[in-house]
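>>> Following is a predicted model, sequence given first.
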Amino acid sequence: MTAGISAPGRARIPERTLRTDRWWMQPLLTTLGLATFVGYATIRAFSGVSYWVNDYHYLSPFFSPCVSTSCAPGSTHFGAWFGELPGWIPMGFLALPFLLGFRLTCYYYRKAYYRSIWQSPTACAVAEPHGKYSGETKFPLILQNVHRYFFYVAALVSVVNTIDAILAFHAPSGGFGFGLGNVILLGNVILLWAYTLSCHSCRHIAGGRLKHFSAHPVRYRAWTFVSKLNVRHQQLAWTTLGTLVLTDLYVMLVASGAISDLRFV
């Protein structure tokens, strides 16, 4: 053993740590939070029900873009590119794998699940149980380097979600309409953009490889803006998990008839 509890450089104590505080609380809450979202999102993505409100054109983000003939009438904002889907393929199959990849390779989420689930390390001054450490230099963790490419697709999906939110300003009789659902959809889109643009890859795209900011004032301003968002990347990562669930839940309740949408216009 070259690392972890049995590492040769570690003090010869039988305990994993001498910490007496509740150091395990944060990784436990992180694990529960991630597991709750993954469980909910998986169930909803494969449910295939109550994701479209035809009267107001509300479309759940877990089903966007919906591009098959299996989609509810009116929900195919970009056309039906595919025929009927088997039950084991979710309606949002075109975007979901890339969004999962974007979050899974995200710098913050990597830190979160490395520490809480992989226990590498679980907390400061707490020895990790692994016998060796190779970082992200070997398969499968070397695949984390594709994060920058997932960013491009995630930005495109944010454009799709923005179009969905705009088309949702619809009244049952036609024309413009505005309700509580619009506030929720629009708020979700704004926060998704904030999370996507706060990405470390986006910050590098904006100002990376520049030797003189003075020679690139536009990119410097973009880098400064993204840097301010980047400081809140962790908070945005968690907030957007909550807004995604809230948006889908609200659309599901309205679509199923459990509640009525509060209309303002």
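Received the coordinates, thanks. Numbers count the residues shown, from 1 in each chain.
>>> chain center to stretch 75-88: distance?
Chain-centre distance of stretch 75-88: 23 Å, with C-alpha atoms, centre = their mean, to the nearest Å.
>>> first vs last residue of that stretch, how far apart are they?
20 Å (C-alpha to C-alpha, to the nearest Å).
>>> For the chain, which segments are assigned as strands?
52-53, 58-59 (DSSP state E).
>>> Buried deepest among the ones you listed, which one?
Mean neighbours per residue, mean count of other C-beta atoms under 10 Å, is largest over the strands of the chain for strand 58-59, with a mean of 30. Any C-beta I mention is one placed from the backbone N, CA and C, and that applies to glycine too.
>>> For it, what does the pLDDT average out to?
Here strand 58-59 scores 98 as its mean pLDDT.
>>> Also stretch 74-81?
Here the average pLDDT along stretch 74-81 is 95.
>>> Between the two ends of it, what distance do you get?
Calculated as C-alpha to C-alpha, the first-to-last residue distance of stretch 74-81 is 14 Å.
>>> contact partners of it?
For stretch 74-81, contacts defined as C-beta atoms under 8 Å, 6 or more residues apart in numbering pick out 51-52, 54, 57, 59, 63-69, 71, 160, 163-164, 167.
>>> What subset of those residues is buried?
Neighbour counting by 16 or more other C-beta atoms under 10 Å classes 51-52, 57, 59, 63-68, 71, 160, 163-164 among the contacts of stretch 74-81 as buried.
>>> a markdown table please, covering those residues and showing distance to Pro27.
Listed next are the buried ones among the contacts of stretch 74-81 as a markdown table, based on distance: C-beta to C-beta, whole Å:
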| residue | distance to Pro27 |
| --- | --- |
| Tyr51 | 33 |
| Trp52 | 38 |
| His57 | 41 |
| Leu59 | 35 |
| Phe63 | 32 |
| Ser64 | 32 |
| Pro65 | 36 |
| Cys66 | 37 |
| Val67 | 39 |
| Ser68 | 40 |
| Cys71 | 39 |
| Val160 | 34 |
| Ile163 | 38 |
| Asp164 | 35 |
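>>> Many thanks, have a good one.
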